[in-house]
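**Q** Sequence plus the predicted model coming up.
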Amino acid sequence: NIKNYDDGYMNELCLWIGSATDQVQQEWEKEREAILFLDPQDITYEKTPIGAALRSLVIPGWGQIYSGKPISAGLWAALELSLSVAFISSYGLYDSSSKNFLKNQKLYDQTDDDIEIAEYRLMAEKNWDEHVFYSKLALILATATTTSWISNSIHAWVFGPRPYTNIYHKGISKSQIPQG
């Protein structure tokens with residue numbers, strides 16, 4: 001019942017404070033024995049929030065699949081995939097503009113023709129501006145991708161599976177255990 005459930009938490013708090021102050025009362029220990037398993041081997045854990053979080057840290061959406069939430073898993077995986085593709089694309093454009101800048105700078109240095117100098121300078125300046133833009137964009141997308149990856153793991157932990165009867169004696173019906 002709910003009173004035993006709440007009393008169990010209060011009892012554990014009393015035991016914790018009592019052990020810190022060396023003032024544990026025997027009734028607290030007896031209450032613990034009446035509610036909790038005495039042997040930790042009897043406790044079974046099926047799915048845990050940390051299991052979901054670690055899975056999502058490895059592959060985005062895996063923790064949500066583990067928790068039985070396929071729509072959430074699909075959304076997180078799609079978000080992470082989109083951000084990763086955008087980052088890789090912006091990095092490729094950054095790399096291309098950097099190489100074009102160096103190429104145009106070399107051609108600029110090798111020519112004596114005034115028209116070619118003006119043309120190579122204009123192209124090098126354009127490549128430089130692109131290089132700066134794509135560099136900033138790649139940094140922003142890398143930050144967003146990493147933040148999304150970590151947020152996905154935190155989401156899997158917060159909304160992951162919660163064992164609610166695992167630490168109590170078997171035989172307590174689910175109708176006696178508070179939901180939520």
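**A** Alright, I've got the coordinates. The structure displayed is predicted, hence computed values, not measured ones. Residues are numbered from 1 along each chain as shown.
**Q** Point out where the chain drops to low pLDDT.
**A** 1-7, 32-45, 163-180 (pLDDT under 70).
**Q** How far away from the center of its chain is the longest helix seen in it?
**A** Secondary structure assigned by DSSP state H gives helix 114-158 as the longest helix of the chain. Put simply, helix 114-158 sits 23 Å off its chain's centre (Cα atoms, centre = their mean, to the nearest Å).
**Q** what's that helix packed up against?
**A** Secondary-structure packing of helix 114-158 (3 or more Cβ pairs under 8 Å, 6 or more residues apart in numbering; DSSP states H and E): helix 49-58, helix 62-66, helix 70-110. Yep, even glycine has a C-beta here, placed from its N, CA and C like the rest.
**Q** Tell me which of those helices approaches Ser135 most closely.
**A** Closest to Ser135 of the helices and strands packed on helix 114-158 is helix 70-110 (Cβ to Cβ; 5.3 Å).
**Q** contacting residues around the nearest residue to Tyr94 once chain neighbours are set aside?
**A** Nearest non-adjacent residue to Tyr94, counting by Cβ to Cβ, 6 or more residues apart in numbering: Tyr134, 3.6 Å away. Contacts for Tyr134 (Cβ atoms under 8 Å, 6 or more residues apart in numbering) come out as Ser90, Tyr91, Leu93, Tyr94, Ser97.
**Q** Excluding covalently adjacent residues, which one is nearest to the second one?
**A** The one in question is Tyr91. Ala138 is the one closest to Tyr91 (Cβ to Cβ, 6+ apart), at 4.8 Å.
**Q** The one you found: neighbouring residues, count only.
**A** 20 (other Cβ atoms under 10 Å).
**Q** Who are the contact partners of it?
**A** Ala138 makes contacts with Phe87, Ser90, Tyr91, Tyr94, as judged by Cβ under 8 Å, 6+ apart.
**Q** in which helix or strand would I find Gly160?
**A** In this structure, Gly160 is located outside every helix and strand according to DSSP states H and E.
**Q** Next up, the contacts around it.
**A** The contact partners of Gly160, taken as Cβ under 8 Å, 6+ apart, are Lys47, Thr48, Pro49, Ile50, Gly51, Ala52, Ala53, Gly63, Tyr66, Ser67.
**Q** rewinding a little: among the helices and strands packed on helix 114-158, which is nearest Val24?
**A** For the helices and strands packed on helix 114-158, the distance to Val24 is smallest for helix 49-58, at 29.6 Å, taking Cβ to Cβ.
**Q** List buried residues within the contacts of Ala138.
**A** Using 16 or more other Cβ atoms under 10 Å as the burial test, the contacts of Ala138 include Phe87, Ser90, Tyr91, Tyr94 as buried.
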